[in-house]
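Colleague: generate a structure from the sequence data that follows.
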Amino acid sequence: MSNDDGVYISVIVSDYDRRKYIIDALESVLNQSLSQEYYEIILVKNFEDETIDRYALEHGVRSILSRDSTLSGKIYEGTSNAKGNVICFLDDDDMFYKNKLEIVYNKFKNRKHLVYLHNGFSAIDVDGHGIVYENANPDFNMSSISVSSGIIKMDMLKKVSKSIDTLMYLYALESGKDIEMESRPLTYYRVSENSVTHSFNNVQTFTDFSIKSLNQILESYMQMEQMFKSRRALAILRHRKIFTRVRIKLFGGRGPGIGDYFRLMITPTTESRAYEFKVVISSIMLKNYAIKKLYENEIRKKELA
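Modeller: Residues are numbered from 1 along each chain as shown. Below you'll find the model as predicted:
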């Protein structure tokens, strides 16, 4: 580390088969108000591209060619090569505000026991125009998360393929150290064709994909349960498992037991209770209508892409 304050930031930019926005993402990190002597940029991607590779080389971005298809694998490779004691994450289609790293730097410099910082975001569409999209969960959006590298358990990270933002939050909870929620938007979060690589020919193919994806998320929560010991972390994971089963039921898969609905209401959550209630009601009474609306939204996103 090259400064007297003991804070050096590694920004890990992860990209899997998407090239459209990556240079915009990198530019947003390069054009920070914080001096570049206080941070490094590590790009982890699974492809070679002459334009992107040249841009990275010319701007001092460390580039890692990954063969791992999972986000956790890319985070693992990036973190393994990081020099910083603070890690910031950036998805390839998101961007940082110009002052993001300066604020992150000062937060960690001034709070000795801070291990997790989650900042607000401004939602944008595929063309970069502002849109209304809200999610105040403390474990939502990797591009809003900054963590102390010391809380990341590398052996655990390799075992979990989904919900890495939740994993980072649980790392912080388990540490017993400081967590801060910064309400100011410091990240541009792109609401786009995140599942554009999937082709949904009809409602049934969308439903089948959704059940498969949700079951993978459920499996990740079950994997995490074997890794954590604190009551708070385990209670959140129990809640997440039940709510994921509710969502699976919405799509016609195997849902939770009757007693689980009661547990859902009394276990701690990072979600909005109102949102959870809507999903519960939809899974019981409005399945066909809810699936149709979700499918239409997915098709609309692809038309805009």
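Colleague: which strand in this protein has the most residues?
Modeller: Once the chain is assigned using DSSP state E, the strand that runs over the most residues is strand 178-190.
Colleague: now the next helix-or-strand element following it: how far from the chain's centre is it?
Modeller: For strand 178-190, the succeeding helix or strand toward the C-terminus, using DSSP states H and E, is helix 203-225. When distances are taken as CA atoms, centre = their mean, to the nearest Å, helix 203-225 is centred 16 Å away from the chain's centroid.
Colleague: repeat that for stretch 103-118.
Modeller: With CA atoms, centre = their mean, you get 19 Å for stretch 103-118.
Colleague: list the contacts of that stretch.
Modeller: Stretch 103-118 is contacted by residues 5-7, 9, 34, 38-39, 86, 88, 119, 138-139, 144-148, 150-151, 168-169, 171-172, 175, 177-182, 184, 186 when judged by CB atoms under 8 Å, 6 or more residues apart in numbering. C-betas here are computed from N, CA, C, even on glycine.
Colleague: packing partners of the strand or helix carrying Thr51?
Modeller: When elements are assigned from DSSP H and E, Thr51 belongs to helix 50-58. In this structure, helix 50-58 packs against helix 22-30, strand 62-65, with contacts taken as 3 or more CB pairs under 8 Å, 6 or more residues apart in numbering; DSSP states H and E.
Colleague: which stretches of the protein have low pLDDT?
Modeller: Using pLDDT under 70 as the threshold, the predicted model of the chain has low-confidence ranges 1-4, 17, 192-201, 295-305.
Colleague: quick one, helices of the stretch 201-305 of the chain?
Modeller: Listed in chain order, the helices of the stretch 201-305 of the chain (DSSP state H, counting those that start in this stretch) span 203-225, 231-250, 258-266, 273-285, 287-304.
Colleague: touching the third one from outside, list them.
Modeller: In other words, helix 258-266. The list of residues contacting helix 258-266 from outside it, by CB under 8 Å, 6+ apart, reads 238-239, 242-243, 245-246, 256, 276, 280.
Colleague: where neighbours are concerned, which of the residues you listed has the most?
Modeller: Top of these by neighbour number is Ile242, holding 24 neighbours under the definition other CB atoms under 10 Å.
Colleague: measure how buried the residue nearest to Asn31 when sequence neighbours are not counted is and give me the count.
Modeller: Counting by CB to CB, 6 or more residues apart in numbering, the nearest residue to Asn31 once its immediate chain neighbours are dropped is Lys98, at 6.2 Å. The local packing count at Lys98 equals 13, with neighbours defined by other CB under 10 Å.
Colleague: distance check, Lys98 against Val61.
Modeller: Relative to Val61, Lys98 is positioned 18 Å away (CB to CB, to the nearest Å).
Colleague: kindly report the same for Ser175.
Modeller: For Ser175, the distance to Val61 (CB to CB) stands at 30 Å.
Colleague: still on that earlier bit, out of the helices of the stretch 201-305 of the chain, which comes closest to Gly73?
Modeller: For Gly73, the closest of these is helix 203-225, at 13.3 Å, according to CB to CB.
Colleague: buried ones in the closest one, by neighbour count?
Modeller: Using 16 or more other CB atoms under 10 Å as the test for burial, helix 203-225 gives 203, 206-207, 209-211, 213-214, 217-218, 220-221, 223-224.
Colleague: count of neighbours near Thr79?
Modeller: Burial of Thr79 is recorded as 20 neighbouring residues (other CB under 10 Å).
Colleague: show me the contacts for it.
Modeller: Taking CB under 8 Å, 6+ apart, one finds 10, 12, 87, 149, 152, 154, 157 in contact with Thr79.
Colleague: what subset of the residues you listed is buried?
Modeller: The neighbour count (16+ other CB under 10 Å) marks 10, 12, 87, 149, 152, 157 as buried among the contacts of Thr79.
Colleague: let's have these in JSON lines, adding distance to Thr51 and secondary structure.
Modeller: Rendered in JSON lines, the data for the buried ones among the contacts of Thr79 read as follows (distance: CB to CB, whole Å; DSSP: H, G, I helix; E, B strand; the rest coil):
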{"residue": "Ser10", "distance to Thr51": "24", "secondary structure": "strand"}
{"residue": "Ile12", "distance to Thr51": "21", "secondary structure": "strand"}
{"residue": "Ile87", "distance to Thr51": "27", "secondary structure": "strand"}
{"residue": "Ser149", "distance to Thr51": "31", "secondary structure": "helix"}
{"residue": "Ile152", "distance to Thr51": "32", "secondary structure": "coil"}
{"residue": "Leu157", "distance to Thr51": "31", "secondary structure": "helix"}
